[in-house]
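Engineer: Below is the sequence, then the predicted model.
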Amino acid sequence: MNRWLFWSLILAVVAIPLQNGSAEDRDVAGEFKAAKAGLTAQIKDRKKETHLAAVAKLESYPTPEAAKLLLFQGLGNADEEVKRASFDVLAKLTGNAEVCGFLRTTIGKHWKQGKPQPETYASLALLLASELPDVQAEAIDMVREAGERPTGRNLLITLADELANCRGDGAARPLIELTEVPLFEHDFAFRRAVEQALGHVRSKTAVTTLIQLLVKVKGEVRADIIKYLTETSGQQLGIEASAWQAWWQQNEAKFEFPAEQKPQRGKEPQAGRVRPPGPNYYGLPITAAKIVFVIDTSGSMNGPRIVAAKRELCRAIEELPAQVDFSVVAFNGRTYAWQQNLVPATPDSKQSATYFVMAQTLASGTASYDALEAALQFDAEAIYFLTDGAPFGGKITRPPEIVQAVGRLNQFRRMTIHSLGIGVGAPGNAFDTFLATLAERNFGVYERVDQ
């Protein structure tokens, strides 16, 4: 059936008795009309408990009007628990064709014009979660079509980010559909956004999918999955998919997710810490397949600092596996790139990069933003940013503004930014906080290092 005809037929359907459980003769539309005023007042009430009670009641009314209330009032609520509960109920209602017709109308021209609203993303996610084959097929078509537009990938990354705020199988199903979109295979940022969202929704179905993805992915995406599985399971099973598959086969039925915890900011200096096996930089494991190293060559690095920084960077470069692509950016008041594009870590390129690092001279200025901006222009997965001083000079100098600007640049690049502070002073000072926040907001780790 022509899909536009399909939706026209849905929208043309007049109110008919809807089935809910065993009450096949219910006049659901009539019942909702009678209850609407009370439910609307409840869902707008200031008390979260009242909101949640209204959301739970709306599950028994599979009608477009009930879906509208959940979409605009439930998902629009400031409380995360209310939002998640509203999404879960809406996902259950997508087995009803009229509800799906309402959601499709809500998507409307905003998605086609590339100007979606928050409810647009939610509606598309819900259609992807529908168990109605025709509905789900059209939603997948819309996603695939968006992925082929020049700016469509940004829409899909935002869609994945929106789903990361939800919980359960209702959120996992549309994310799993996104793994089948061609863009997932060749676009790192989209692939990482979907994988990260799967790690947030706390669904056993999502865990199964992530373990299956281990066979297909590499670099930062694989590292993300291993970290998630390790923290969620409490097991140390390495990077081999077969070990995780065996563990999940034995534990899936009885598995319970641990309590959610807020990420810890920053770390203590690594003095005396045993280096992890495999390639690393100042003790931080190198897991990305595409890397940019950024090294501070400002005047304050003079003496033991620059000696140690050059030594550690050259050692890290020498340890890079052959399948890794990389480059180096040095900065003081200006930025200097060793190569304008990433190159394979061959013996010759490693030697050339080492010569470049060792030849760097010190100069005034610490144009941190300019260096990060230059690094973000590469087609990379991770940036290792080493500096010893507060930003001074360059396009942006105030640390909070740098963090904000870098976040905007990285929103649709999805690179990890690890920050390394050498001689940064007492923990908690402004510079220390800047580096910690920079890493935290860009999927990275902040490391205070000795000279």
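Structural biologist: That came in fine, so what should we check first? What you see is a predicted model; the values in this text were computed from it and never measured.

Engineer: Please confirm that Ala330 is located within a strand.
Structural biologist: Yes - counting by DSSP: H, G, I helix; E, B strand; the rest coil, one finds Ala330 located in a strand.

Engineer: looking at it, it is touching Ala359, isn't it?
Structural biologist: No - look at Ala330 against Ala359 with C-beta atoms under 8 Å: they stay out of range, at 9.4 Å. Backbone N, C-alpha and C define where each C-beta goes, glycine included.

Engineer: So for those two, which residue has more residues nearby?
Structural biologist: Using other C-beta atoms under 10 Å as the criterion, Ala330 and Ala359 rank with Ala330 on top: 23 against 9.

Engineer: For Gly421, give me its contacts.
Structural biologist: Contact analysis of Gly421 by C-beta atoms under 8 Å, 6 or more residues apart in numbering lists Thr387, Asp388, Phe431, Asp432, Leu435, Tyr446, Glu447, Arg448, Val449.

Engineer: Using the three-state scheme, assign it.
Structural biologist: With three-state DSSP as the criterion, Gly421 reads strand.

Engineer: That one and Ala259, how far apart?
Structural biologist: From Gly421 across to Ala259, the span is 31 Å (C-beta to C-beta, to the nearest Å).

Engineer: And Asp296, by the same measure?
Structural biologist: In terms of C-beta to C-beta, Asp296 sits 39 Å off from Ala259.

Engineer: Tell me the pLDDT of Asp45.
Structural biologist: Predicted confidence (pLDDT) at Asp45: the value is 82.

Engineer: for the stretch 251-400 of the chain, what are the low-confidence residue spans?
Structural biologist: Residues of the stretch 251-400 of the chain meeting the criterion pLDDT under 70: 261-277.

Engineer: repeat that with 50
Structural biologist: 264-275 (pLDDT under 50).

Engineer: All the strands of it, residue numbers only.
Structural biologist: Secondary structure of the stretch 251-400 of the chain (DSSP state E, counting those that start in this stretch): strands at 280-281, 284-285, 290-296, 325-331, 335-337, 343-344, 382-387.

Engineer: do the stretch 1-150 of the chain as well
Structural biologist: For the stretch 1-150 of the chain, strands defined by DSSP E, counting those that start in this stretch do not occur.

Engineer: Adding distance to Ala206 as columns, could you present the strands of the stretch 251-400 of the chain in a markdown table?
Structural biologist: Formatted as a markdown table, the strands of the stretch 251-400 of the chain follow (distance: least, C-beta to C-beta, whole Å):
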| stretch | distance to Ala206 |
| --- | --- |
| strand 280-281 | 30 |
| strand 284-285 | 24 |
| strand 290-296 | 26 |
| strand 325-331 | 30 |
| strand 335-337 | 39 |
| strand 343-344 | 34 |
| strand 382-387 | 24 |
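
Engineer: The ones you listed: which one's closest to Glu119?
Structural biologist: Nearest of the strands of the stretch 251-400 of the chain to Glu119, taken as C-beta to C-beta: strand 382-387 at 34.5 Å.

Engineer: Alpha carbons of that closest one, as CSV, please.
Structural biologist: Provided in CSV are the C-alpha atoms of strand 382-387 (Å, rounded to 0.1, in the frame of the first residue of the first chain):
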residue,chain,number,x,y,z
ALA,A,382,40.0,11.3,20.3
ILE,A,383,42.1,14.3,21.3
TYR,A,384,44.8,14.2,24.0
PHE,A,385,45.2,17.8,25.2
LEU,A,386,48.3,18.5,27.4
THR,A,387,48.9,22.0,28.9
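
Engineer: Run through who's touching it.
Structural biologist: Applying C-beta under 8 Å, 6+ apart, the external contacts of strand 382-387 come out as 220, 281-282, 284, 286-288, 290-296, 298, 309, 313, 316, 366, 368, 371-372, 375-376, 415-422, 435, 438, 444, 449.

Engineer: which of those are buried?
Structural biologist: 220, 281-282, 284, 286-288, 290-296, 298, 309, 313, 316, 366, 368, 371-372, 375-376, 415-422, 435, 438, 444, 449 (16 or more other C-beta atoms under 10 Å).

Engineer: What residue spans form the domains of the chain?
Structural biologist: Following automatic domain parsing, the chain resolves into domains at 3-251, 280-449.

Engineer: what helix or strand is the residue most central in space within the chain on?
Structural biologist: Central residue of the chain (C-alpha atoms, centre = their mean): Ala193, 3.8 Å from the mean position. Element membership for Ala193, per DSSP states H and E: helix 188-198.

Engineer: Now do that helix, average pLDDT.
Structural biologist: 96.

Engineer: how much distance is there from it to the middle of the chain?
Structural biologist: Relative to the chain's own centre, helix 188-198 is displaced by 5 Å; criterion: C-alpha atoms, centre = their mean, to the nearest Å.

Engineer: Just the angle for the very next helix or strand once past it relative to helix 188-198, thanks.
Structural biologist: The helix or strand immediately downstream of helix 188-198 is helix 204-213, counting by DSSP H and E. For helix 204-213 against helix 188-198, the angle by axes from the mean of the first three to the mean of the last three C-alpha atoms, to 10 degrees is 140 degrees.

Engineer: As CSV, could you dump the C-alpha coordinates of whichever helix or strand comes after helix 204-213?
Structural biologist: Scanning forward in sequence from helix 204-213 by DSSP H and E, the next helix or strand is helix 219-233. The C-alpha trace of helix 219-233 is given here as CSV (Å, rounded to 0.1, in the frame of the first residue of the first chain):
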residue,chain,number,x,y,z
GLY,A,219,38.2,2.4,18.5
GLU,A,220,36.3,4.7,20.9
VAL,A,221,33.0,3.0,20.3
ARG,A,222,34.4,-0.4,21.3
ALA,A,223,36.1,1.2,24.3
ASP,A,224,32.8,2.8,25.3
ILE,A,225,31.0,-0.5,25.2
ILE,A,226,33.7,-2.3,27.2
LYS,A,227,33.6,0.4,29.8
TYR,A,228,29.8,0.2,30.1
LEU,A,229,29.7,-3.6,30.3
THR,A,230,32.5,-3.6,32.9
GLU,A,231,30.9,-1.0,35.1
THR,A,232,27.4,-2.4,34.7
SER,A,233,28.3,-6.0,35.3
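
Engineer: what packs against helix 219-233?
Structural biologist: Using 3 or more C-beta pairs under 8 Å, 6 or more residues apart in numbering; DSSP states H and E, the elements in contact with helix 219-233 are helix 188-198, helix 204-213, helix 241-251.

Engineer: Deepest in the core, which of the ones you listed is it.
Structural biologist: helix 188-198 (a mean of 24; mean count of other C-beta atoms under 10 Å).

Engineer: what residues are up against the closest residue to Gln339 other than its chain neighbours?
Structural biologist: Among residues not flanking Gln339 along the chain, Ser327 sits closest, at 4.6 Å (C-beta to C-beta, 6 or more residues apart in numbering). Neighbour list for Ser327: 291-293, 337-343, 353, 378, 380 [criterion: C-beta under 8 Å, 6+ apart].
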